[in-house]
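In: next comes the sequence, and after it the predicted model I'd like to discuss.
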Protein chains: 2
Amino acid sequence: MEIKEAQLEFIQTWGSLGSSWGIPKSMAQIHALLISTPHELTAEEIMDRVKISRGNANINLRELNNWRLVAKVNKLGERKEFFKADHDIWNMARNIVIERKKRELEPVMRFLNNMESTDFTGNEMEIAHFKNLVSELKEFVQQLDKLSEMAIRFNDNVVFKKMIKMLK
Amino acid sequence: MEIKEAQLEFIQTWGSLGSSWGIPKSMAQIHALLISTPHELTAEEIMDRVKISRGNANINLRELNNWRLVAKVNKLGERKEFFKADHDIWNMARNIVIERKKRELEPVMRFLNNMESTDFTGNEMEIAHFKNLVSELKEFVQQLDKLSEMAIRFNDNVVFKKMIKMLK
DNA sequence: ATAAACTTTCATTTTTTTTTGAAAGTTCAA
DNA sequence: TTGAACTTTCAAAAAAAAATGAAAGTTTAT
């Protein structure tokens, strides 16, 4: 199989995986292209290989940059910008955890804290149930939060290895 | 604050959280309604409180049932079906992990295994890079897989507690 | 100061996903 | 065996999300 063909298949797979986790398909596909290529690429080349428009490429490259998954690289004597993915899978996972924690865990936590300090009126049983739910969800989110903190603190697979060794 | 109002807010929050993780909004909202209510509800009541159509309620209740997050309950002398969420947060998390593992981790693993046993033609450097990527991703997915296996084996927060104690 | 090279923006279009609701299907009591 | 009560299906509509591309903006060499 031609390597370019394999990369293309990988780009498709990564794209649909992204979709089912709420990541725009093009964003995941650009990322897939960049991690499967050893060298930096220009916006042109990305548009061309992933078959997307300039605007789409630009926006999603910026987003990948926000997630710290892709960096802009300037080459001496070259006018164009080049894009380079962080090729370290553990860094990648770490940055994704950081970003999702910030975007999703934190707002939910704020909501739960808010609910916890509210007084309710209405059916007593419903109130008791709801309060209990909020407190259990808080505990759960806190644990997830700690887990993600741990994952963030380490930059390789040591955490996983340790966890697995201990728990099996 | 009226408890029904709080539940409604919770339903909205849970719905948009679901959306950003690739779960249909209505599905997450129905789930939110069911976990925030101590008693079983009929399709009618769900349609009414979440403000969705009969078809939507039916399809998403079935899906929640597939995920083992919601069970159908029949009451003696009642023709209608009632729906009841599993109220245990740790069970809930466990079932979500099981389902996502099955739906997403396993297909990716198959893809990677497939790529690993393929021979490539083309630029040597690109081939080497791609092979390395596939092997690192495999290792990563395997670790995730083990982690999810662990999470599945336990039905409370023991795993988290243990992990956290060990790693802090 | 100019213009070519390149990047960014954003209103519009397209695609994808989700929802609707009416019809078909099922179950069950009489 | 009929029909009322309830559930399921699925083609069509609506909504939401993502992508396009042309125009505006920026940078840099001369």
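Out: Thanks, I have it. All of these numbers come straight from a predicted model, not from anything done at the bench.

In: A:Gln29 contacts A:Thr13, doesn't it?
Out: No - with contact defined as C-beta atoms under 8 Å, A:Gln29 does not count as touching A:Thr13 (9.7 Å). Glycine gets a C-beta too; all of them are placed from N, C-alpha and C.

In: more neighbours: those two, which one.
Out: More crowded of A:Gln29 and A:Thr13, by other C-beta atoms under 10 Å in any protein chain shown: A:Gln29, with 27 against 19.

In: got the phi and psi for the more buried one?
Out: Backbone torsions of A:Gln29, given as degrees, to the nearest 10, read phi -70, psi -40.

In: separation between the residue nearest to it when sequence neighbours are not counted and A:Ala28?
Out: Nearest residue to A:Gln29, sequence neighbours excluded (C-beta to C-beta, 6 or more residues apart in numbering or on different chains): A:Gly15, at 4.1 Å. In this view, A:Gly15 and A:Ala28 are 5 Å apart by C-beta to C-beta, to the nearest Å.

In: spell out which parts of chain A neighbour DNA strand C.
Out: A:19, A:42-44, A:54-55, A:58-59, A:61-62, A:78-81 (C-beta under 7 Å from any atom of the strand).

In: who wins on neighbours among these?
Out: In terms of neighbours by other C-beta under 10 Å, the residues of chain A next to DNA strand C top out with A:Leu61 at 22 neighbours.

In: which residues touch stretch A:79-99?
Out: For stretch A:79-99, the external contacting residues (C-beta atoms under 8 Å, 6 or more residues apart in numbering or on different chains) are A:31, A:34-35, A:40-44, A:46, A:61, A:64, A:66-75, A:148, A:151-152, A:154-157, B:133, B:136-137, B:139-140.

In: interface residues of chain A facing DNA strand D?
Out: Proximity of chain A to DNA strand D (C-beta under 7 Å from any atom of the strand) is limited to residues A:22, A:24-27, A:51-56, A:59-60, A:79.

In: per-residue confidence at the closest residue to A:Val50 other than its chain neighbours?
Out: With sequence-adjacent residues excluded and distances taken as C-beta to C-beta, 6+ apart, A:Val50 is closest to A:Gln29, at 5.0 Å. pLDDT for A:Gln29: 97.

In: repeat for A:Glu116
Out: At A:Glu116, pLDDT is 95.

In: now swap in A:Glu78 and tell me
Out: Here the pLDDT value assigned to A:Glu78 is 85.

In: may I have the phi/psi pair for the nearest residue to A:Arg54 once chain neighbours are set aside?
Out: Spatial nearest neighbour of A:Arg54, excluding adjacent residues (C-beta to C-beta, 6+ apart): A:Met47 at 5.9 Å. When quoted as degrees, to the nearest 10, the phi and psi of A:Met47 stand at phi -50, psi -40.

In: now do the contacts for A:Met47.
Out: Contacts of A:Met47 by C-beta under 8 Å, 6+ apart are A:Ser53, A:Arg54, A:Asn56, A:Ala57.

In: select only the buried ones of the residues you listed in PyMOL?
Out: Buried residues within these, by 16 or more other C-beta atoms under 10 Å in any protein chain shown, are selected in PyMOL with:
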select buried, chain A and resi 56+57
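
In: separation between the most centrally placed residue in chain A and A:Gln12?
Out: In chain A, the C-alpha nearest the mean C-alpha coordinate belongs to A:Ile96, at 3.1 Å (C-alpha atoms, centre = their mean). Between A:Ile96 and A:Gln12 the computed distance is 20 Å (C-beta to C-beta).

In: how about A:Met109?
Out: From A:Met109 to A:Gln12 the distance is 36 Å (C-beta to C-beta).

In: and stretch A:98-112, how far apart are its ends?
Out: Using C-alpha to C-alpha, to the nearest Å, the end-to-end distance of stretch A:98-112 comes to 20 Å.

In: what's the answer for stretch A:75-82, then?
Out: End-to-end distance for stretch A:75-82, by C-alpha to C-alpha: 8 Å.
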